[in-house]
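[1] Everything below, folded, please.
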Amino acid sequence: MRAASLDRRVRKEAELLAREAHAALALKRNLRGRAGDLAAAVGAVDAALDARDQQKLRQGLPVLESSRSSRRS
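    A predicted model of the protein is given here:
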């Protein structure tokens, strides 16, 4: 029960981060040469979301989260 709840929260967070990353790539603002890294990371997370692969999804989240914080600064 708790594992399913955690999986839903992780999936929701991944969807949010992927949406933000797609928007950042579309606008290309403040990326400073990291567009390729971000595109690869969001591609991996998108593939994991489509495949419903929780392990790969959790592996891809830290990359998107770190790029999210660096885009804000």
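
[2] May I see the buried residues of the biggest helix by length in the chain?
    In the chain, taking DSSP state H as the definition, the longest helix is helix 2-27. Under the neighbour-count criterion of 16 or more other C-beta atoms under 10 Å, helix 2-27 has 14, 17-18, 21, 24 buried. In this view, the C-beta of every residue, glycine as well, is placed from N, C-alpha and C.

[3] ok, those vs residue 46, which is closest?
    The nearest member of these to residue 46, counting by C-beta to C-beta, is residue 18 at 5.9 Å.

[4] Check the gap between the nearest residue to residue 28 once chain neighbours are set aside and residue 67 for me.
    Distances taken as C-beta to C-beta, 6 or more residues apart in numbering place residue 35 nearest to residue 28, at 6.7 Å, with adjacent residues excluded. In this structure, residue 35 and residue 67 are 10 Å apart, going by C-beta to C-beta, to the nearest Å.

[5] what about those two, which has more around it?
    Between residue 35 and residue 67, counted using other C-beta atoms under 10 Å, residue 67 has the larger neighbour count: 20 against 12.
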